[in-house]
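Peer 1: Fold the following and give me the result.
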Amino acid sequence: MRGPVTSAFKALLAAGAAIALASGAAAAADAPRALQPMDVFAIEYASDPQIAPDGSRVVYVRTFMDVMKDRRRSNLWLVGEDGTKHRPLTSGNRSDGSPRWSPNGDRLAWVSSDGDTPQVHLRYTDTGESAVISRLADAPRGLTWSPDGRQIAFFMHVPDPVKPFVEPPVRPEGAEWAQPPKVVTRLVYRADGEGYLRDGHTQLFVLSADGGAPRQLTDGPFDHEGRAAWTPDGAFILLSANRHEDGEYDPANSEVYEVAVADGKIRPLTTRSGPDGSPAVSPDGRHVAYLGFDDAYQFYQVTRLYVMNRDGSEPRCLTAGLDRDVESPVWTSDGRGLYVQYDDLGSTRIALVSLDGSLTRLADGVGGTSLDRPYSGGSFSASSNGRIAFTLSSPERPADVAVFRKDVPGTKRLTRLNEELLGHRAIGRVEEMRWKSSLDGRAIQGWLMTPPGFDPSRKYPLVLEIHGGPVANYGPRFAFELQLFAAAGYVVLYANPRGSDSYGAEFGNLIHHDYPGDDYFDLMSGVDAAIARGFVDERNLFVTGGSGGGVLTAWIVGRTDRFRAAVAAKPVINWYSFVLTADSTNFFYKYWFPGFPWDHEAHYMKRSPLSLVGQVKTPTMVMTGEADFRTPISESEQYYQALKLRRVDTALVRVPGASHDIAARPSQLIAKAAHILAWFEKYRLRDP
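Peer 2: As a prediction, this is how the structure comes out:
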């Protein structure tokens, strides 16, 4: 392993040096240098900003990189709504998260872990004193304060009693026997990032804000998780769960339930077929907002905002005219509308939806940080006086904290977490592009990143980077990995082909039971549009992508040999085997395909990149985490071995310990980019 990794790092560093020499020979000696791989350890970014009830300050999660342990860590920081008094609330190489203000802002609860089981912590804002108020056996999630500030609700895994399948004989004292077999009987028995699932389910608890033992409110063989909402009188908690008898086989059919705090009595408030979740109770307690849709078993279905009476009667949709997925509903303090977040044309926005369905855009540029890809994300919170705190991102910077005030035009950035680093680096610049698909003239949106020191009179190699999902979207957001590609001298094209979200139901469902397929033409038309700009070297085209992007990478090289080399990261190669080995087998076969693979074998194989492997000529690397349960590494192994049998140049990169989030640790992100660039550099044509 040492040899290939070392050479990959050298290739990345050499590529960066080459572009620096080519573009900076006449530059001043103190000109900013391009990003380097180790710069990832200096990156910090904000998430989960929670504004105080009075709107005066914001607490947020500040993620940083621990270079010695190769982990992402996080602390809590506080900043005034005017950007002053920016200071840490916690410190150390630990994981602090989920900060939540008490209803009157006198206390702050959060979850923290320093290697042991995460616990609930409490800070008193008048004295600054902090205390651990729980002694839990498992990690709490989804902290939610009761309206009177006396209790905190949360979700936690509760183990089920397990009866052995067989009773083994008594082992002699001191004997060293093998571990006993493990018997699996659940339909879904493993999950990406979690591994093989523990026996048990997620239940709702309440904990006194003064500490003590928590009280379990729900039980049964059902998972209760997501977001809990108290009624104003504190008598009930609303949550989402799939408590149907056949829920394991119908995973998207969740309901909104009310749970009585006094005795745990539970009853459903929704009954339709489809997912209902994210409940939010109006300030007067008369209405409940929630998200969902009527399930049509389509590839892509738009999540809409609904409001019903508190007893579950008279549900109505408020965003039928939006044609975009809505997230995170939060009632205004006067109960006349709800703040929501949604993606539109590759950008994330916050809006106010009134009870008559009218929508007012409030803030743009909302974004989180994934570092390897410019995916959507981000979050917001609202105060009682209408101020909104949210994460703000751009192609040049990871997420910071910003505030919107209804009485002040625009938004105010409160933090600049990476200015000392990125303000002194030459960053690849990003511009939006639009083109028409050669298939049907449909408008496609994308973005082009150019290298530092870009000279439009020169010719540059191009990397086509394809997003996963495939129901997802790229946009004008920061991506460290793509910046490394640009620093190595590549123009990077990324786009939202048909099937991407943020463009409405019709566009998203163009790949329903037809994926991969015509999205190929959208991407190739984008490459043609980039070449038409005049600065792309047509001899040096490269393609890569992860997950759904890995699928499309393998699909593309099976249909064209115009690319010099390709890297398919964590791809699906054979849909038949994927559906029967992935962690969500109960979902994929009924939404992505017309039925079981043995009933539709021809359809499954027609859409499998494996069906095109006999046409592949492009040198193609395959890269997957060894602990990936979403697109198991057996998919990559099939493709690698098929390419080897055909004597096509290939390499299989196995990432030890990595799940589907192949770049979860900083060194994994560096290694991923390094291997991709080393593969491209191996096949890149150079001028004599």
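Peer 1: can you tell me the helix or strand for Ala664?
Peer 2: Using DSSP states H and E, Ala664 maps to neither a helix nor a strand.
Peer 1: pLDDT score for it?
Peer 2: Ala664 is assigned 95 on the pLDDT scale.
Peer 1: mind listing what the closest residue to it other than its chain neighbours touches?
Peer 2: Nearest residue to Ala664, sequence neighbours excluded (C-beta to C-beta, 6 or more residues apart in numbering): Ala658, at 6.8 Å. Just so you know, the C-beta spots here come from the backbone N, C-alpha and C atoms, and that holds for glycine as well. Neighbouring residues of Ala658 by C-beta atoms under 8 Å, 6 or more residues apart in numbering: 625-628, 664-665, 668.
Peer 1: Just the buried subset of these, written out for ChimeraX, thanks.
Peer 2: Those of these that count as buried under 16 or more other C-beta atoms under 10 Å are selected in ChimeraX with:
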select :625,627,628,664,665,668
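Peer 1: Which of the helices or strands spans Leu207?
Peer 2: Per DSSP H and E: strand 200-208 holds Leu207.
Peer 1: In the sheet, which strands lie alongside the helix or strand that comes right after that strand, parallel or antiparallel?
Peer 2: Counting by DSSP H and E, the next helix or strand C-terminal to strand 200-208 is strand 215-216. Strand 215-216 sits in its sheet next to strand 200-208 (antiparallel), going by DSSP bridges.
Peer 1: what does the strand it pairs with contact?
Peer 2: Residues beyond strand 200-208 that count as contacts (C-beta under 8 Å, 6+ apart) turn out to be 120, 133-134, 140-141, 146, 150-160, 214-225, 228, 237, 239, 259, 261.
Peer 1: Return that strand as CSV; C-alpha atoms alone will do.
Peer 2: Output of strand 200-208 as CSV, limited to C-alpha atoms (Å, rounded to 0.1, in the frame of the first residue of the first chain):
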residue,chain,number,x,y,z
GLY,A,200,-33.3,-3.2,19.0
HIS,A,201,-35.2,0.0,18.0
THR,A,202,-35.1,3.8,18.5
GLN,A,203,-37.5,5.0,21.1
LEU,A,204,-38.6,8.4,22.5
PHE,A,205,-37.5,9.5,26.0
VAL,A,206,-38.0,12.5,28.2
LEU,A,207,-35.3,13.7,30.6
SER,A,208,-35.7,16.3,33.4
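Peer 1: Could you list the buried residues of that strand?
Peer 2: 200-207.
Peer 1: Mind checking which of the contacts of Ala658 land in strands?
Peer 2: Among the contacts of Ala658, the residues falling in strands (DSSP state E) are Gly625.
Peer 1: Turn the contacts of Ala658 into CSV, columns for distance to Gln50.
Peer 2: CSV is the format used below for these (distance: C-beta to C-beta, whole Å):
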residue, distance to Gln50
Gly625, 32
Glu626, 37
Ala627, 32
Asp628, 33
Ala664, 24
Arg665, 27
Gln668, 30
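Peer 1: of the contacts of Ala658, closest to Met605?
Peer 2: Asp628 (22.4 Å; C-beta to C-beta).
Peer 1: Could you count how many residues lie near the nearest residue to Phe205 once chain neighbours are set aside?
Peer 2: Nearest non-adjacent residue to Phe205, counting by C-beta to C-beta, 6+ apart: Pro214, 4.3 Å away. Pro214 is flanked by 22 other residues according to other C-beta atoms under 10 Å.
Peer 1: wait, Pro214 sits on Leu136?
Peer 2: Yes: using C-beta atoms under 8 Å, Pro214 is in contact with Leu136, at 7.0 Å.
Peer 1: anything in contact with each of those two?
Peer 2: Counting by C-beta under 8 Å, 6+ apart, the residues touching both Pro214 and Leu136 are Met156.
Peer 1: returning to what we had before: could I get the buried residues of strand 200-208 in TSV, plus columns for pLDDT?
Peer 2: Formatted as TSV, the buried residues of strand 200-208 follow (pLDDT from 0 to 100):
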residue	pLDDT
Gly200	94
His201	95
Thr202	97
Gln203	98
Leu204	98
Phe205	98
Val206	98
Leu207	98
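Peer 1: Show the backbone phi and psi for the residue nearest to Phe205.
Peer 2: Backbone torsions for Pro214, taken as degrees, to the nearest 10, come to phi -80, psi 160.
Peer 1: got a list of what it touches?
Peer 2: 134, 136, 154, 156, 205-207.
Peer 1: Pull the most distant pair out of these.
Peer 2: Largest pairwise distance in the contacts of Pro214, by C-beta to C-beta, is 12.8 Å, between Leu136 and Val206.
Peer 1: What's the separation between the residue nearest to Ala664 and Pro571?
Peer 2: Distance, Ala658 to Pro571, using C-beta to C-beta, to the nearest Å: 15 Å.
Peer 1: same thing with Thr415?
Peer 2: Thr415 is 37 Å from Pro571, by C-beta to C-beta.
Peer 1: again with Ser74
Peer 2: In terms of C-beta to C-beta, Ser74 sits 31 Å off from Pro571.
Peer 1: the more surrounded of those two?
Peer 2: Comparing Ser74 with Pro571 by neighbour count (other C-beta under 10 Å), the higher total belongs to Pro571, at 29 against 23.
Peer 1: which one of the buried residues of strand 200-208 is nearest Met65?
Peer 2: So of the buried residues of strand 200-208, ranked by how close each gets to Met65 (C-beta to C-beta), first place is Thr202, at 29.9 Å.
Peer 1: Asp343: what secondary structure?
Peer 2: Secondary structure, DSSP: H, G, I helix; E, B strand; the rest coil: Asp343 is strand.
Peer 1: Just give the nearest non-adjacent residue to it, would you?
Peer 2: Per C-beta to C-beta, 6+ apart, closest to Asp343 is Ser502, 3.8 Å.
Peer 1: didn't that neighbour look like it was pressed against Arg324?
Peer 2: Yes: Ser502 is within contact range of Arg324, at 6.6 Å (criterion: C-beta under 8 Å).
Peer 1: and for these two, which residues touch both?
Peer 2: Counting by C-beta under 8 Å, 6+ apart, the residues touching both Ser502 and Arg324 are 343-344.
Peer 1: Okay, Val188 and Met156: tell me how far apart.
Peer 2: On the measure of C-beta to C-beta, Val188 and Met156 end up 20 Å apart.
Peer 1: Pick out whichever of those two has more residues nearby.
Peer 2: Taking other C-beta under 10 Å, Val188 and Met156 do not tie; Met156 has more neighbours (23 against 15).
Peer 1: Phi, psi for Glu420 please.
Peer 2: Dihedral angles (degrees, to the nearest 10) for Glu420: phi -70, psi -30.
Peer 1: same deal with the one 5 residues further on?
Peer 2: According to degrees, to the nearest 10, the main-chain angles of Arg425 amount to phi -120, psi 150.
Peer 1: Please apply the same query to Tyr683.
Peer 2: Dihedral angles (degrees, to the nearest 10) for Tyr683: phi -110, psi 0.
Peer 1: Right, I'll leave it there.
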